[in-house]
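Chemist: fold the following for me, if possible:
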Amino acid sequence: MTERLPLSAFIIAKDEADRIHKPIESVVDWVDEVIVIDSGSTDDTVAVAEKLGARVIRNDWPGYGPQKRFGEDRCRNDWLLNLDADEEVTPDLAAEIRAKFADGSYKSADGWRIMIRDMYAHESTPAPWAYGYHQIRLYDRQKGRFSASIVHDTVRPEPGARIANLAGIMAHRSIRSLDFQVGKYNRYSGMQVEDMRARGRKLPRTRLLTEFPVSFLKAYFVRKYRKYGWWGLILSMNYAHARFLRVAKAYEAELMEKTGKD
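Modeler: Numbering: from 1, shown residues only. Below you'll find the predicted structure:
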């Protein structure tokens, strides 16, 4: 039997029955516990998670950061591993984490950044050029917690906390389909505008002209979507539209406020 690490893995989820098994199966055999924070699934998410050995806790949706902080508080270990419902720990990353706990070197840092790379429905592994970003996902909650932002779910380390990088990657299956992607960025852009207005931030109107072309070029060349061929063209267009939609919704909110129809 694989020795379990003194590590709690937690996942926030809603209506993820078709893919919640991926993150759970990638860690359930070697972490101390897997906790799923469900915000009101109407599909079989809860049943699937429980069948795989996760403990499911219901909590109505308060926003990304607050939901992850709720999850942190339900874990019994101080060392935490956070995954989203559309992510999974790759075998190489699992082996690296287990090795660090075996020799105690995980304590050489208070938080570990993990490279999270995009993987699409037609792929079995992330492409070598896949867009990715580092986030602190393995950490001591005494030295850092998720932010309280309703939009941004990022671990904020305490002053003086030691942060290092792991070599392994986490696979990110963020897009079930194009239909799903469009709905997701439509919802998310609305939350972004709500967050910006709450903070008193305004976007220049000139970005209505520049946001789409600049974002398209960023996606196609900087994010290397061009390497996916025609699929990369589609991804770049959707990325640009998502960025433009945020600016458009912000301007719409200003118009509504000025006319007293907010």
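Chemist: list the buried residues in stretch 23-38.
Modeler: 23-24, 26-28, 30-31, 33-38 (16 or more other Cβ atoms under 10 Å). Every C-beta, even on glycine, is put in place using the N, C-alpha and C of the backbone.
Chemist: which stretches of the stretch 51-200 of the chain form strands?
Modeler: Ranges of strands in the stretch 51-200 of the chain, per DSSP state E, counting those that start in this stretch, are 55-58, 79-84, 87-89, 111-118, 132-140, 144-146, 155-157, 163-172.
Chemist: ok, back up a step: out of the buried residues of stretch 23-38, which comes closest to Arg173?
Modeler: Using Cβ to Cβ, Pro23 comes nearest to Arg173 of those, at 9.4 Å.
Chemist: looking at this, that closest one is in a helix?
Modeler: Yes: under DSSP: H, G, I helix; E, B strand; the rest coil, Pro23 falls within a helix.
Chemist: what's the burial count for the nearest residue to it once chain neighbours are set aside?
Modeler: Of all residues not flanking Pro23 in the chain, Leu83 sits nearest, at 4.3 Å (Cβ to Cβ, 6 or more residues apart in numbering). A count of neighbours around Leu83, defined by other Cβ atoms under 10 Å, yields 23.
Chemist: just checking, Leu83 touches Ser8?
Modeler: No: using Cβ atoms under 8 Å, Leu83 is not in contact with Ser8; the gap is 11.4 Å.
Chemist: pLDDT score for Leu83?
Modeler: Listed pLDDT for Leu83 reads 98.
Chemist: dump the residue contacts of it.
Modeler: Contacts for Leu83 (Cβ atoms under 8 Å, 6 or more residues apart in numbering) come out as Ala9, Phe10, Ile11, Pro23, Ser26, Val27, Val89, Arg137, Met170.
Chemist: can you give the strand pairings for the strand or helix carrying the third one, parallel or anti for each?
Modeler: Pointing back at Ile11 there. Ile11 is located in strand 5-13, with elements delineated by DSSP states H and E. Sheet pairing for strand 5-13, assigned by DSSP bridges, gives strand 31-38 (parallel), strand 79-84 (parallel).
Chemist: distance to Ser236 added to those, as TSV?
Modeler: Formatted as TSV, the strands paired with strand 5-13 follow (distance: least, Cβ to Cβ, whole Å):
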stretch	distance to Ser236
strand 31-38	33
strand 79-84	23
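Chemist: and of those strands, who's closest to Lys143?
Modeler: strand 79-84 (10.0 Å).
Chemist: follow-up on the earlier one: could the strands of the stretch 51-200 of the chain be laid out in a markdown table, adding distance to Lys249?
Modeler: Listed next are the strands of the stretch 51-200 of the chain as a markdown table, based on distance: least, Cβ to Cβ, whole Å:
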| stretch | distance to Lys249 |
| --- | --- |
| strand 55-58 | 31 |
| strand 79-84 | 24 |
| strand 87-89 | 27 |
| strand 111-118 | 24 |
| strand 132-140 | 24 |
| strand 144-146 | 25 |
| strand 155-157 | 27 |
| strand 163-172 | 25 |
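Chemist: Tyr120 contacts Tyr225, correct?
Modeler: No: using Cβ under 8 Å, Tyr120 is not in contact with Tyr225, being 11.0 Å away.
Chemist: which of these two has more residues huddled nearby?
Modeler: Of the pair Tyr120 and Tyr225, Tyr225 is the one with more neighbours under other Cβ under 10 Å, namely 25 against 17.
Chemist: check contacts around the residue lying closest to that one once chain neighbours are set aside.
Modeler: Using Cβ to Cβ, 6+ apart and skipping residues adjacent in sequence, the residue nearest Tyr225 is Gly232, 3.7 Å away. Going by Cβ under 8 Å, 6+ apart, Gly232 touches Tyr220, Lys224, Tyr225, Arg226.
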